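[1] give me a model of this one.
(2 chains)
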Amino acid sequence: MAITVPRPKLNWRERMYLPAIVAGLAITIKHFKNMLLGRTKVTMQYPEEKWDSSLPDHYRGAPALVRDEDGRVRCVACQLCEFICPPRAIKIIPDEIPSTDRFAKVEKYPEEFDIDMIRCIFCGMCEEVCPEQAIFLRKDYAITGFTRADMIHDKEKLLEIGGVIHGVILKWNEKK
Amino acid sequence: MSDQNPSSQPMLNVQIDSVWHQFPKGTRIIEACEQAGSYVPRYCYHKKLSSPGNCRMCLIEMGFPRLGPDRKSELGADGKPLINWMPRPQISCAQDVAEGIGVRTNSPLVKECQRGVMEFLLINHPLDCPICDQAGECRLQEFSVDFGTSQSRFLEHKVKKPKNAVLGPRVTLDDERCILCSRCIRFCQEIAHDDVLGFVDRGSYTVLTAHPGKELENNYSLNTVDICPVGALTSTDFRFKMRVWFLKETKSICTSCATGCNTIIGTREDVIYRQTPRENDAVNSCWMCDYGRLNFKYLEAKKRLLEPQIRREGKLVHTDWSTAIAQAALQLKQFSGTEIAIIASGRMTNEELWLTVQLAQSLGTHYIDIVPRRGRGDDILLSEDRNPNTNGARLILGSASEPGANLLAIADAVKSGQIKALAILKENTMHLGVPLERLAQLPVFIAMNILSNEATEKATVVLPACGFVEKRGSMINGKGRLQRLNRAVRPPGNARDDWEILRDLIQAVGGGDSLLSIDDVFRRIGETVPQFAGLTFSKIGDLGVQILQMEELPPTHPSDEEKIEQAVAIQARRRAVRSEST
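    Predicted coordinates:
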């Protein structure tokens, strides 16, 4: 149903427009003065300046795989992150660790681990669901590439972003 | 089993969780509780195996009717018998129901028992759910959530046992995960009749192992993986390949022999990961053989035919479907019915066989038969007849002789040069006993198949078709049961559903009206074959319908049997020669 909106009735002051122009100009002059006194905050000069130092601890950047102190890739390819990932950005191909390997006790590792960073929505569910403390959202936010293939982080890239983690539970270590 | 035939047994009154029910005599208490809607957790009990009662998970409270001085049960205010509850819990898996007994499945005592049993079972269980193949379908996980506690009070060190132990060619064992339920041991004794598994050592150090010098290598070994309630027994083939919650489960049947075991095909994104048996007491109970279970790898082989091909200037070239079909029809139409032969397959569905018959009719040929395929059977599930649909061919080809008995006559006609055009559908020419050079000389040689072989390389037209997991259809098993195949994955490349290829070929040859779906084909079979009348795909259902009473069929003619034996012998010889040469 159409509604007729009544036009506001302007009094003689409003019809003159002059007070409104003066009020507007006053704001402009105030900003000009603040700028001259150095009180106005201006845009950060990105990319010469970066956010990195002021990112909060809970910042959710690119997901990454980590190694523990022993150098073992912590991921055991349980595929829970692949299952939980809302945009289905993660693809894992598991494989068996050969019995001659130093970490043979763990039995399973990700042969391939791809995260499609075009799909990733940085929700952090992969980190939350991981039973092995193997995937973490790091503070990298500038994820760029020239091709779609560039935007898929493979296992090497993910481990490079992730680095080594200290102080996590080492449940696969040989017990006494 | 007696509980599956309620009519012949007297009914007994049983009180389960304060409600009175009636069950036929001989029903296990654990089954009665489940039927009454109170599921009792269990590890060692399996309805197709004996009950040793060693996991103690199915503990319940039980009582007998209170008897008065006159040895009659005393009645309560509601007119029902009063129950004297026994002070200690009982296992529900090893006892049958009795008149007037009472069962409590969720009393405080029962819950305390379940919590205690769960705690004991988890004492030495490793925390490797993230890498365990059973995770997602693990009874220990499920019951731990439902009946256990979330914390462990165990401070000592867990007992270490062998991990990744090879039990046999297809089964790998993780002894730390084993909860010693003995289902696998009983399966091997009672179903597979190959008593190779057993427990050794004592107390917490007890482990499952094969007898020294023996392996779990019988043809039913992978069923132990299915019935293992935890991740102790794992399939070496499926191990670490895919987490089970990703698998799309399609109900289908196994096509590796005439038994037609009911299966579930686990797939993800058009890749088949595993086949597991599906319960059907009229066919395969809860089991299937390893041979049939693993017989799907060929569908992903490199030799898979992906594109239709036609021979141009002596070479096979890829083409599109319309060209291939038109070319095949054109080539076939050059010859009269007496010069054309069609070899169909006992691995084709009823619908495909029916369309093959229609094709033969529109070409006017009478040379049509399937290739008989025999192997050594056993008295468990594996049938001697390795064609899954011999009975379908028997009904639909409508030939007076046994399916396969005319094969050698057709082969002779090919050898003598009478046959100028041969269409071989889903079969290898190796089974014909005709030299390859002779086939290469045929002016028209049309091959519809899944994999390329020496015959498809000599063909004039190659039509890539679908495997059993890629199509819908119906088959009749060796006992006359009509069962349904369902599509689990899409065919790779340009391969097409067999029935569509045949329909297009019939239309191109000049006969046949439009059939739009496989359900149409099924309906048309019902019009010509009386056993199919009134049935549809949905009426077949997941468990199939018995449509053929095998004992009513006329006896096989001895000469037919002789011819089939000859054809099978030729195959065996050829196979031996081929395996020697490779």
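
[2] wait, doesn't B:P89 sit right on B:L59?
    Yes: B:P89 lies in contact with B:L59 (C-beta atoms under 8 Å); the separation is 4.1 Å. (C-beta placed from N, C-alpha, C; glycine too.)

[3] overlap in contacts, these two.
    When contacts are counted by C-beta atoms under 8 Å, 6 or more residues apart in numbering or on different chains, B:P89 and B:L59 have B:110, B:113 as shared neighbours.

[4] quick one, which of the two is more surrounded?
    The neighbour comparison of B:P89 against B:L59 (other C-beta atoms under 10 Å in any protein chain shown) goes to B:L59, with 25 against 19.

[5] helix/strand/coil for the closest residue to chain A within the stretch 101-250 of chain B?
    Here the stretch 101-250 of chain B gets closest to chain A at one residue, B:P130, 3.7 Å apart by C-beta to the nearest C-beta. Applying DSSP: H, G, I helix; E, B strand; the rest coil to B:P130 yields a three-state assignment of helix.

[6] wait, it sits on A:E132?
    Yes: contact criterion C-beta under 8 Å: B:P130 and A:E132 qualify, at 5.9 Å.

[7] shared neighbours, the two?
    With C-beta under 8 Å, 6+ apart, B:P130 and A:E132 have common neighbours A:76, A:78.

[8] for chain A, name the helix or strand with the lowest mean pLDDT.
    Using mean pLDDT, DSSP states H and E, helix A:12-16 stands out as the lowest-scoring helix or strand of chain A, at a mean of 90.

[9] export it as PDB, just CAs?
    The C-alpha atoms that make up helix A:12-16 are tabulated as PDB, following Å, rounded to 0.1, in the frame of the first residue of the first chain:
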ATOM      1  CA  TRP A  12      11.500  31.100   7.100                       C
ATOM      2  CA  ARG A  13      14.900  30.500   8.700                       C
ATOM      3  CA  GLU A  14      15.100  27.000   7.200                       C
ATOM      4  CA  ARG A  15      14.000  28.300   3.900                       C
ATOM      5  CA  MET A  16      17.000  30.700   3.900                       C
END
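
[10] how about the residues of the stretch 51-200 of chain B by chain A?
    Residues of the stretch 51-200 of chain B lying close to chain A (C-beta under 8 Å from any C-beta of the partner chain) are B:127-131, B:135, B:157-158, B:163-164.

[11] A:D114 looks like it's in a strand, true?
    Yes: assessed by three-state DSSP, A:D114 belongs to a strand.

[12] what residues does chain A put near chain B?
    A:76-80, A:82-83, A:94-96, A:99, A:105-108, A:131-132, A:171, A:175-176.

[13] how about residue 117, phi and psi?
    Because you didn't say which chain, this covers chain A. Backbone torsions for A:M117, taken as degrees, to the nearest 10, come to phi -80, psi -10.

[14] wrong one, chain B
    phi -60, psi -40.

[15] what does the pLDDT read for the residue in chain A that chain B sits nearest to?
    Relative to chain B, the nearest point of chain A is A:C78 (3.7 Å; C-beta to the nearest C-beta). At A:C78, the pLDDT value in this model is 94.

[16] and it, what are its phi and psi?
    Main-chain torsions, A:C78, degrees, to the nearest 10: phi -80, psi -10.

[17] my read is that it contacts B:R243, right?
    Yes: using C-beta under 8 Å, A:C78 is in contact with B:R243, at 7.1 Å.

[18] now the common contact residues for these two.
    Counting by C-beta under 8 Å, 6+ apart, the contacts common to A:C78 and B:R243 are B:A135.

[19] which bits of the stretch 201-350 of chain B sit near chain A?
    B:239-243, B:245-246.

[20] I'd like the average pLDDT over the longest helix seen in chain B.
    Scanning chain B for the helix with the most residues, using DSSP state H, yields helix B:558-581. Across helix B:558-581, the average pLDDT comes to 85.

[21] how far off centre is that helix?
    In terms of C-alpha atoms, centre = their mean, to the nearest Å, the centre of helix B:558-581 is set 27 Å apart from its chain centre.
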